[in-house]
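**Q** 3D model of this:
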Amino acid sequence: MPKLSPGLYEKLITEALASALNEDFDPDFVERETLDRADAHILLARHLYREVERSLGQLAGDTAQQVALANRILQTVRQFTDESEDAVVDPPEALHAIGAPHRRLAGAATVPPRPSIPLGTSDLLVNAKQEPRVG
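**A** Numbers count the residues shown, from 1 in each chain. Okay, the predicted model is just below:
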């Protein structure tokens, strides 16, 4: 765990973080708050995202193990909800586009060109030379 310093945080308190807070800081200087029932899912999901991403990263190069882990996590999650399971296909694939029928060429499809920045990434675009840009 990275060294903590005084400042503002919006972080789920895990066992490791609680231990670090207790060891390194005066309890009177640490502001804690019980999670709001309406917003608890946000901090919990962020924490799970980081932990699952780290675990999948440790299995890099072994997509079969990554898929097995992802599907096991989904199976566990579904035990607590009414939703049906949406398991990852094996071997794993990503959808990149669905073409529309070409207006002039029968049987051909048109697909917009992919941007140089992945669609799921939130990068700052500054329109600098040789950098990705809008338009």
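
**Q** what about the residue nearest the centre of the chain, helix or strand, and which?
**A** Nearest to the geometric centre of the chain sits Tyr49, at 4.8 Å (C-alpha atoms, centre = their mean). Per DSSP states H and E, Tyr49 falls inside helix 40-58.

**Q** Next, the angle from the following helix or strand past that helix to helix 40-58.
**A** With elements assigned by DSSP H and E, the helix or strand that comes after helix 40-58 is helix 63-78. Relative orientation of helix 63-78 and helix 40-58, computed by axes from the mean of the first three to the mean of the last three C-alpha atoms, to 10 degrees: 160 degrees.

**Q** So which residues make contact with helix 63-78?
**A** 52, 55-56, 59-60, 84-92 (C-beta atoms under 8 Å, 6 or more residues apart in numbering). To be clear about C-beta, it is placed using only N, CA and C from the backbone, and glycine gets the same treatment.

**Q** Show me which of these are buried.
**A** By neighbour count, with 16 or more other C-beta atoms under 10 Å, the contacts of helix 63-78 hold Leu56, Val88 as buried.

**Q** Which pair in the contacts of helix 63-78 has the greatest spatial separation?
**A** The span of the contacts of helix 63-78, defined through C-beta to C-beta, is set by Ala60 and Ser84 at 29.5 Å.

**Q** what comes up buried for the helix holding Tyr49?
**A** Within helix 40-58, the residues that count as buried by 16+ other C-beta under 10 Å are Leu56.

**Q** Residues contacting that helix, please?
**A** Defining contact as C-beta under 8 Å, 6+ apart, one finds that helix 40-58 is touched by Glu10, Lys11, Leu12, Thr14, Leu35, Gln66, Leu69, Ala70, Ile73.
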